[in-house]
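**Q** give the three-dimensional model of this entry:
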Amino acid sequence: MATETIPSINLDPEFAVSADDSSFYEIIDGRRVEMQPTGAYEIALASALSEYLGPFARQSKLGVVVCEMLFVLDIVRDLRRRPDLAFVSYPRWPEPTIPQASAWDVVPDLAVEVVSPTNTAEEIDEKIVDYCAAGVRLVWVLYPNSGRVYVCKSANHIDVLEQTDELNGADVLPGFRLPIQSLFDAVTRPE
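**A** Numbering: from 1, shown residues only. Below is the predicted model:
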């Protein structure tokens, strides 16, 4: 089988992505960092959230929701992060369509991380700081075991919601409201 190389923003061959490369990675300070696999339950929760957010964003003509997209957050620092889920508003799009590239050179409005058993506290903290420093307007960090969602409006302003609370899109996704319990119900077989 032939291997096709897809050019990335950084032309260094170490960062070139082949068509048969199925690994997930991020670029942190110019270094490629392989991401640990996400658990099935965490993927299901992220998918459920995408099923709520995507149609809302499209119907409201606000932007697009994507899963596992690599974003260029800081070209100078050579920082590219891959949130589990992200929302990009239409005003932030530099081009009329999403580029056919290994990474989208745009900072999302919303970044969502669903914490897996392989994630460390330091890793999540670094992601929040990086997202906020890059201009991500809202970060949601979902902890599946506790059912809590940390809502970060900045690295220093974090609200903690319980599973009995409701997520809202604030000024990033105006009008979006979702009971957190709905996410867990979506990944639980009804009796």
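**Q** any idea of the pLDDT on residue 4?
**A** Note on residue 4: pLDDT of 35.
**Q** scratch that, residue 93
**A** Looking at residue 93, its pLDDT is 87.
**Q** what is the burial count for residue 190?
**A** By the measure other CB atoms under 10 Å, the count of residues near residue 190 is 4. (Each C-beta comes from the backbone N, C-alpha and C, glycine too.)
**Q** okay, it: pLDDT?
**A** Looking at residue 190, its pLDDT stands at 88.
**Q** list phi and psi for it.
**A** phi -70, psi 150 (degrees, to the nearest 10).
**Q** and residue 107, by the same measure?
**A** Per-residue torsions, residue 107: phi -90, psi 120 (degrees, to the nearest 10).
**Q** residue contacts, it?
**A** With contact taken as CB atoms under 8 Å, 6 or more residues apart in numbering, residue 107 is in contact with 71, 73, 92, 134, 135, 136.
**Q** in CSV: those, plus distance to residue 33, neighbour count and secondary structure.
**A** Output for the contacts of residue 107, formatted as CSV (distance: CB to CB, whole Å; neighbours: other CB atoms under 10 Å; DSSP: H, G, I helix; E, B strand; the rest coil):
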residue, distance to residue 33, neighbour count, secondary structure
71, 15, 23, strand
73, 14, 25, strand
92, 25, 14, helix
134, 17, 17, helix
135, 22, 12, coil
136, 19, 25, coil
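**Q** which one of these is nearest residue 175?
**A** residue 92 (18.6 Å; CB to CB).
**Q** which residues touch that closest one?
**A** Going by CB under 8 Å, 6+ apart, the list of residues near residue 92 reads 63, 106, 107, 108, 109.
**Q** farthest pair in these?
**A** Every pair of the contacts of residue 92 checked by CB to CB; the farthest is 63 and 107, at 12.4 Å.
**Q** output the helix of greatest length in the chain as CSV, nothing but the C-alphas.
**A** Longest helix in the chain by number of residues (criterion: DSSP state H): helix 40-59. Provided in CSV are the C-alpha atoms of helix 40-59 (Å, rounded to 0.1, in the frame of the first residue of the first chain):
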residue,chain,number,x,y,z
ALA,A,40,-15.5,4.2,24.7
TYR,A,41,-17.7,5.8,27.4
GLU,A,42,-16.0,9.2,27.0
ILE,A,43,-16.3,9.0,23.2
ALA,A,44,-20.0,8.2,23.6
LEU,A,45,-20.5,11.3,25.9
ALA,A,46,-18.7,13.6,23.4
SER,A,47,-20.8,12.1,20.6
ALA,A,48,-24.0,12.8,22.5
LEU,A,49,-23.0,16.4,23.1
SER,A,50,-22.2,16.8,19.5
GLU,A,51,-25.6,15.5,18.6
TYR,A,52,-27.1,18.3,20.7
LEU,A,53,-24.7,21.1,19.7
GLY,A,54,-24.4,20.4,16.0
PRO,A,55,-28.0,20.8,15.0
PHE,A,56,-28.4,23.8,17.3
ALA,A,57,-25.5,25.6,15.7
ARG,A,58,-26.6,24.8,12.2
GLN,A,59,-30.3,25.7,12.7
